[in-house]
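*Asks:* Return atomic coordinates for the entry below.
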Amino acid sequence: MKVIVRNPEFERQHIWMFEQPKFFEYEGEEVKLKHANPDELCLTTGIQEWPVRVIQRRNIVSIDGKIVKKAAATVITKIIKGSKGNEYVVTGSNGNWNCTCPGFQFRHSCKHTAEAA
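*Replies:* Next up is the predicted model:
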């Protein structure tokens with residue numbers, strides 16, 4: 001599988017000391033990893049020290065020469081009850097999750113976002 005990926009750092013050229021490419025090209029076989037979310041594509045690399053590359057699907061431009069169309073962003077909002085009975089608002093869009101709990105504010109991850117996903 002050959003994947004062309006938009007470089008998210010291309011728009012921020014001013015912070016780099018060297019020129020950033022607009023796109024990256026990767027080849028490999030798709031693999032399923034249990035910790036990857038549905039908004040990620042996992043490809044083999046052929047490198048023993050780094051066997052899998054995880055690519056954000058929102059940055060994929062084409063797969064095997066076929067242009068990937070961007071789906072409209074869908075925002076999901078759920079109210080999740082915490083372990084002590086507090087209710088937290090969890091919102092997600094394109095694999096990016098947010099939660100109103102104190103743990104998420106500190107760590108940028110929590111069990112509530114995992115439950116909502």
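*Asks:* separation between residue 50 and residue 43?
*Replies:* Look at residue 50 and residue 43: by CB to CB, to the nearest Å, they are 11 Å apart. C-betas here are computed from N, CA, C, even on glycine.
*Asks:* which residues touch the helix or strand hosting residue 89?
*Replies:* Per DSSP states H and E, residue 89 falls inside strand 87-93. Strand 87-93 has contacts (CB atoms under 8 Å, 6 or more residues apart in numbering) with 73-82, 97-101, 112-113, 115-117.
*Asks:* Show me which of residue 50 and residue 43 is the more surrounded one.
*Replies:* residue 43 (19 against 8; other CB atoms under 10 Å).
*Asks:* picking up where we left off before, among the contacts of strand 87-93, which ones are buried?
*Replies:* The neighbour-count criterion (16 or more other CB atoms under 10 Å) marks 78, 80, 97, 98, 99, 100, 101, 112, 113, 116 among the contacts of strand 87-93 as buried.
*Asks:* Go through those and flag the one the model is least confident about.
*Replies:* Minimum pLDDT for the buried ones among the contacts of strand 87-93 is recorded at residue 116 (80).
*Asks:* all strands for the protein, in order.
*Replies:* 2-6, 23-27, 40-47, 50-56, 60-63, 66-67, 76-81, 87-93, 96-99 (DSSP state E).
*Asks:* Quick one: residues in contact with the second one.
*Replies:* Among residues not part of strand 23-27, those counted as contacts by CB under 8 Å, 6+ apart are 1, 2, 3, 4, 5, 6, 7, 43, 45, 53, 55, 61.
*Asks:* Pull out the buried positions in that strand.
*Replies:* 24, 26.
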